[in-house]
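>>> coords please:
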Amino acid sequence: MGFQESMKALSDPTRREILKLLRKQKMSAGEICAHFPTAGATVSHHLSILKQADLVRCEKEGKFIYYELNLSVMEELMAWFQGFFKGGNQ
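Numbering: from 1, shown residues only. So this is what the prediction gives:
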């Protein structure tokens, strides 16, 4: 996915909070939902947007789906931000 999709995904505070949770470890959808007062369908929608932006990956293990950060995309975003603040041409 492109930079625009990543930025759109990062624009929402709930999605940023999900990324913070996943920074520590991979988690199931149910574990992620437990951190939010909203309905599971809402959290599922946020996870879908993060997946579309390629910021998270999911993997099925048994009957659960586990989510984890896609570090390569996060590293690309960080490199862009660093270049932006340093005045680079990235």
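
>>> in the chain, which spans are strands?
Using DSSP state E, the strands of the chain run over residues 27-28, 56-61, 64-69.

>>> Can I get these in a markdown table including distance to Phe3?
No exception for glycine: its C-beta is placed from N, CA and C like everyone else's. Below are the strands of the chain laid out as a markdown table (distance: least, Cβ to Cβ, whole Å):
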| stretch | distance to Phe3 |
| --- | --- |
| strand 27-28 | 26 |
| strand 56-61 | 17 |
| strand 64-69 | 17 |
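
>>> Nearest to Glu76, out of those?
strand 64-69 (12.6 Å; Cβ to Cβ).

>>> For the protein, which element, helix or strand, carries the lowest mean pLDDT?
For the chain, counting by mean pLDDT, DSSP states H and E, helix 71-86 ranks last in confidence among helices and strands (a mean of 72).

>>> Which positions within stretch 46-65 qualify as buried?
His46, Leu47, Ile49, Leu50, Lys51, Ala53, Asp54, Leu55, Val56, Arg57 (16 or more other Cβ atoms under 10 Å).

>>> could these go into CSV alongside pLDDT?
CSV is the format used below for those (pLDDT from 0 to 100):
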residue, pLDDT
His46, 95
Leu47, 95
Ile49, 93
Leu50, 94
Lys51, 93
Ala53, 90
Asp54, 90
Leu55, 92
Val56, 93
Arg57, 92
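
>>> returning to that earlier point: from the contact counts, what lies against the least confident helix or strand of the chain?
helix 3-10 (3 or more Cβ pairs under 8 Å, 6 or more residues apart in numbering; DSSP states H and E).

>>> okay, the least confident helix or strand of the chain in PDB with CA atoms only?
Output of helix 71-86 as PDB, limited to C-alpha atoms (Å, rounded to 0.1, in the frame of the first residue of the first chain):
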ATOM      1  CA  LEU A  71       7.800  -3.400  10.900                       C
ATOM      2  CA  SER A  72       9.100  -2.900   7.300                       C
ATOM      3  CA  VAL A  73       6.300  -0.500   6.600                       C
ATOM      4  CA  MET A  74       6.700   1.200   9.900                       C
ATOM      5  CA  GLU A  75      10.500   1.600   9.100                       C
ATOM      6  CA  GLU A  76       9.700   3.100   5.700                       C
ATOM      7  CA  LEU A  77       7.400   5.700   7.400                       C
ATOM      8  CA  MET A  78      10.000   6.500  10.000                       C
ATOM      9  CA  ALA A  79      12.600   7.000   7.300                       C
ATOM     10  CA  TRP A  80      10.300   9.400   5.500                       C
ATOM     11  CA  PHE A  81       9.600  11.400   8.600                       C
ATOM     12  CA  GLN A  82      13.300  11.600   9.500                       C
ATOM     13  CA  GLY A  83      14.100  12.800   6.000                       C
ATOM     14  CA  PHE A  84      11.300  15.300   6.200                       C
ATOM     15  CA  PHE A  85      12.600  16.800   9.500                       C
ATOM     16  CA  LYS A  86      16.200  16.800   8.300                       C
END
